[in-house]
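> Need a 3D model of the following:
(one chain, ligands or ions: 1)
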Amino acid sequence: MAKFTLYIKHKGGSKDSVDKAVVLLKTYISDTIAKGTTFDSSDVSYVDDSTTPALGETDAVVYVVRNISKSVISSKGGSVAIAESNTNILGLTDLNQKICEVYFDRLYEGSPKELAGACYHELAHIKSNMDNSMHTNQDGFLKGSPDYNGSPTDSNKTFLNKHIGRKVKQNAGY
Ligand SMILES: [Zn+2]
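Numbers count the residues shown, from 1 in each chain. Okay, here's the model as predicted:
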(Lines give C-alpha, C1' and ligand atoms only; values in the text may rest on other atoms or scores of the structure.)
Protein backbone atom coordinates (compact mmCIF):
# COMPACT_ATOMS: atom_id res chain seq x y z
CA MET A 1 0.00 0.00 0.00
CA ALA A 2 1.79 3.10 -1.21
CA LYS A 3 0.76 6.61 -0.32
CA PHE A 4 1.81 9.89 -1.88
CA THR A 5 1.77 13.04 0.24
CA LEU A 6 2.21 16.60 -0.98
CA TYR A 7 3.09 19.13 1.73
CA ILE A 8 2.17 22.77 1.23
CA LYS A 9 4.44 24.82 3.50
CA HIS A 10 2.94 28.20 4.33
CA LYS A 11 5.57 30.90 4.72
CA GLY A 12 3.52 33.91 3.62
CA GLY A 13 0.12 35.08 2.41
CA SER A 14 -3.37 34.38 3.69
CA LYS A 15 -3.80 31.15 5.66
CA ASP A 16 -7.43 30.97 4.57
CA SER A 17 -6.36 30.87 0.90
CA VAL A 18 -3.74 28.21 1.59
CA ASP A 19 -6.25 26.10 3.53
CA LYS A 20 -8.71 26.28 0.64
CA ALA A 21 -6.00 25.46 -1.89
CA VAL A 22 -5.09 22.35 0.14
CA VAL A 23 -8.70 21.16 -0.10
CA LEU A 24 -8.69 21.63 -3.89
CA LEU A 25 -5.33 19.90 -4.24
CA LYS A 26 -6.57 16.85 -2.33
CA THR A 27 -9.03 16.22 -5.18
CA TYR A 28 -6.54 17.09 -7.93
CA ILE A 29 -3.91 14.70 -6.55
CA SER A 30 -6.37 11.94 -5.78
CA ASP A 31 -7.68 12.13 -9.37
CA THR A 32 -4.08 12.11 -10.64
CA ILE A 33 -2.89 8.98 -8.83
CA ALA A 34 -6.12 7.26 -9.96
CA LYS A 35 -4.62 7.34 -13.48
CA GLY A 36 -2.15 4.64 -12.48
CA THR A 37 -1.23 2.02 -9.90
CA THR A 38 1.91 3.55 -8.33
CA PHE A 39 -0.05 4.86 -5.34
CA ASP A 40 -3.32 3.67 -3.90
CA SER A 41 -3.83 6.67 -1.65
CA SER A 42 -2.75 10.28 -1.39
CA ASP A 43 -2.97 13.30 0.85
CA VAL A 44 -2.19 17.00 0.72
CA SER A 45 -1.10 18.44 4.02
CA TYR A 46 -0.87 22.04 5.27
CA VAL A 47 2.39 22.79 7.08
CA ASP A 48 3.11 25.98 9.00
CA ASP A 49 6.44 27.76 8.70
CA SER A 50 7.80 26.44 12.00
CA THR A 51 7.20 22.78 11.14
CA THR A 52 9.44 20.45 9.15
CA PRO A 53 7.52 17.40 8.02
CA ALA A 54 9.40 14.13 7.51
CA LEU A 55 9.14 13.48 3.79
CA GLY A 56 8.74 9.93 2.55
CA GLU A 57 11.04 9.14 -0.38
CA THR A 58 8.37 9.94 -2.98
CA ASP A 59 6.71 12.81 -1.09
CA ALA A 60 7.01 16.43 -2.19
CA VAL A 61 6.86 19.94 -0.74
CA VAL A 62 5.83 23.26 -2.31
CA TYR A 63 6.57 26.50 -0.45
CA VAL A 64 4.10 29.39 -0.50
CA VAL A 65 5.94 32.69 0.05
CA ARG A 66 4.55 36.21 0.32
CA ASN A 67 6.41 37.60 -2.69
CA ILE A 68 9.56 37.12 -4.70
CA SER A 69 11.69 38.96 -2.14
CA LYS A 70 10.87 36.07 0.22
CA SER A 71 11.94 33.46 -2.33
CA VAL A 72 13.32 30.26 -0.82
CA ILE A 73 15.14 29.58 -4.10
CA SER A 74 17.03 32.91 -3.86
CA SER A 75 17.74 32.47 -0.17
CA LYS A 76 19.54 29.23 -1.07
CA GLY A 77 21.55 30.91 -3.84
CA GLY A 78 19.35 30.07 -6.83
CA SER A 79 18.13 32.40 -9.55
CA VAL A 80 14.58 33.75 -9.79
CA ALA A 81 15.46 36.11 -12.66
CA ILE A 82 12.87 34.54 -14.96
CA ALA A 83 10.09 35.35 -12.46
CA GLU A 84 11.50 38.81 -11.72
CA SER A 85 11.24 39.69 -15.40
CA ASN A 86 7.77 38.19 -15.89
CA THR A 87 5.21 38.94 -13.19
CA ASN A 88 2.69 36.60 -14.84
CA ILE A 89 4.74 33.70 -13.51
CA LEU A 90 3.07 32.55 -10.29
CA GLY A 91 5.76 30.13 -9.14
CA LEU A 92 9.11 28.59 -9.91
CA THR A 93 10.91 25.29 -9.50
CA ASP A 94 14.67 25.03 -9.19
CA LEU A 95 15.49 21.53 -10.45
CA ASN A 96 19.06 21.66 -9.13
CA GLN A 97 18.18 22.75 -5.61
CA LYS A 98 14.92 20.77 -5.77
CA ILE A 99 12.84 23.67 -4.47
CA CYS A 100 9.29 24.52 -5.59
CA GLU A 101 7.73 27.84 -4.62
CA VAL A 102 4.65 29.94 -5.38
CA TYR A 103 4.40 33.74 -4.94
CA PHE A 104 1.26 34.63 -3.01
CA ASP A 105 1.16 38.30 -4.07
CA ARG A 106 0.82 37.27 -7.72
CA LEU A 107 -2.45 35.40 -7.22
CA TYR A 108 -5.58 37.26 -8.24
CA GLU A 109 -7.05 38.42 -4.89
CA GLY A 110 -5.39 35.48 -3.14
CA SER A 111 -7.35 33.04 -5.31
CA PRO A 112 -7.20 29.52 -3.84
CA LYS A 113 -7.87 28.11 -7.33
CA GLU A 114 -4.83 29.85 -8.75
CA LEU A 115 -2.77 28.85 -5.74
CA ALA A 116 -3.78 25.19 -6.02
CA GLY A 117 -3.14 25.21 -9.75
CA ALA A 118 0.26 26.83 -9.35
CA CYS A 119 1.27 24.25 -6.71
CA TYR A 120 0.15 21.44 -9.06
CA HIS A 121 2.18 23.00 -11.89
CA GLU A 122 5.38 23.26 -9.80
CA LEU A 123 4.89 19.71 -8.50
CA ALA A 124 4.79 18.52 -12.12
CA HIS A 125 8.09 20.32 -12.82
CA ILE A 126 9.93 18.75 -9.90
CA LYS A 127 8.52 15.26 -10.47
CA SER A 128 9.13 15.24 -14.23
CA ASN A 129 12.56 16.87 -13.73
CA MET A 130 11.71 19.06 -16.72
CA ASP A 131 12.17 22.80 -17.08
CA ASN A 132 9.99 24.80 -19.49
CA SER A 133 10.19 21.88 -21.91
CA MET A 134 7.45 20.36 -19.75
CA HIS A 135 4.98 22.87 -21.21
CA THR A 136 5.36 21.52 -24.75
CA ASN A 137 2.23 19.75 -25.98
CA GLN A 138 0.51 20.33 -22.63
CA ASP A 139 -2.80 22.04 -21.96
CA GLY A 140 -4.73 23.35 -18.94
CA PHE A 141 -2.64 23.48 -15.77
CA LEU A 142 0.65 22.45 -17.36
CA LYS A 143 0.97 24.67 -20.41
CA GLY A 144 3.23 27.71 -20.60
CA SER A 145 0.55 30.21 -19.63
CA PRO A 146 -1.52 27.91 -17.47
CA ASP A 147 -5.28 28.12 -17.07
CA TYR A 148 -6.12 27.32 -13.47
CA ASN A 149 -9.87 27.55 -13.88
CA GLY A 150 -11.57 24.20 -13.63
CA SER A 151 -9.44 21.17 -12.78
CA PRO A 152 -6.34 19.52 -14.20
CA THR A 153 -7.15 18.06 -17.62
CA ASP A 154 -6.93 14.36 -18.43
CA SER A 155 -3.66 15.03 -20.18
CA ASN A 156 -2.32 16.89 -17.11
CA LYS A 157 -3.26 14.04 -14.78
CA THR A 158 -1.84 11.38 -17.08
CA PHE A 159 1.43 13.32 -17.36
CA LEU A 160 1.87 13.92 -13.64
CA ASN A 161 0.85 10.37 -12.80
CA LYS A 162 3.59 9.06 -15.09
CA HIS A 163 6.21 10.92 -13.03
CA ILE A 164 4.72 11.16 -9.55
CA GLY A 165 6.50 8.07 -8.23
CA ARG A 166 9.95 9.51 -8.97
CA LYS A 167 12.04 9.82 -5.84
CA VAL A 168 13.21 13.41 -5.37
CA LYS A 169 15.04 14.33 -2.20
CA GLN A 170 13.53 17.68 -1.28
CA ASN A 171 14.25 19.58 1.91
CA ALA A 172 11.10 20.53 3.83
CA GLY A 173 13.04 22.47 6.46
CA TYR A 174 13.55 25.77 4.65
ZN1 LIG B 1 6.10 25.77 -15.80
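> and the most centrally placed residue in the chain, what does it touch?
Compute the mean C-alpha point of the chain, and by C-alpha atoms, centre = their mean the closest residue is Cys119, 2.7 Å away. If you count contacts by C-beta atoms under 8 Å, 6 or more residues apart in numbering, Cys119 has them with 6, 8, 21, 25, 62, 64, 91, 100, 102. Every C-beta, even on glycine, is put in place using the N, C-alpha and C of the backbone.
> what's the helix or strand for it?
Assigned by DSSP states H and E, Cys119 falls within helix 112-128.
> Tell me which helix or strand comes right after that helix.
Per DSSP H and E, the first helix or strand lying C-terminal to helix 112-128 is helix 154-163.
> So which other helices or strands are in contact with that following helix?
Applying 3 or more C-beta pairs under 8 Å, 6 or more residues apart in numbering; DSSP states H and E, one finds that helix 154-163 makes contact with helix 15-33, helix 112-128.
> mind listing what's buried in it?
156-157, 159-161, 163 (16 or more other C-beta atoms under 10 Å).
> In a markdown table, list the residues you listed along with distance to Leu107 and pLDDT.
Shown next, in a markdown table, are the buried residues of helix 154-163 (distance: C-beta to C-beta, whole Å; pLDDT from 0 to 100):
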| residue | distance to Leu107 | pLDDT |
| --- | --- | --- |
| Asn156 | 19 | 98 |
| Lys157 | 22 | 98 |
| Phe159 | 23 | 98 |
| Leu160 | 21 | 98 |
| Asn161 | 26 | 98 |
| His163 | 25 | 98 |
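> Pick the one among the contacts of Cys119 closest to Lys143.
Nearest to Lys143, judged by C-beta to C-beta, of the contacts of Cys119 is Gly91 at 14.4 Å.
> Looking at strand pairing, list the partners for the closest one.
In this entry, Gly91 is beta-bridged to Val102, by DSSP bridges.
> Verify the stated contact: it with His121.
Yes: between Gly91 and His121 there is a contact under C-beta atoms under 8 Å: 6.7 Å.
> So what touches stretch 136-151?
If you take C-beta under 8 Å, 6+ apart as the criterion, stretch 136-151 is touched by 27-28, 31, 88, 111, 113-114, 116-118, 120-121, 124, 132, 134-135, 152-153, 155-156, 159-160.
> again, only using 10 Å
Stretch 136-151 has contacts (C-beta atoms under 10 Å, 6 or more residues apart in numbering) with 24, 27-28, 31, 88-91, 107-108, 111-121, 123-125, 128, 130, 132, 134-135, 152-157, 159-160.
> That one - what's its average pLDDT?
The average pLDDT within stretch 136-151 is 96.
> That stretch: end-to-end distance?
In stretch 136-151, first residue to last residue: 19 Å (C-alpha to C-alpha, to the nearest Å).
> Test my guess that Gln97 contacts Gln170.
Yes: counting by C-beta atoms under 10 Å, Gln97 does reach Gln170; the two are 9.2 Å apart.
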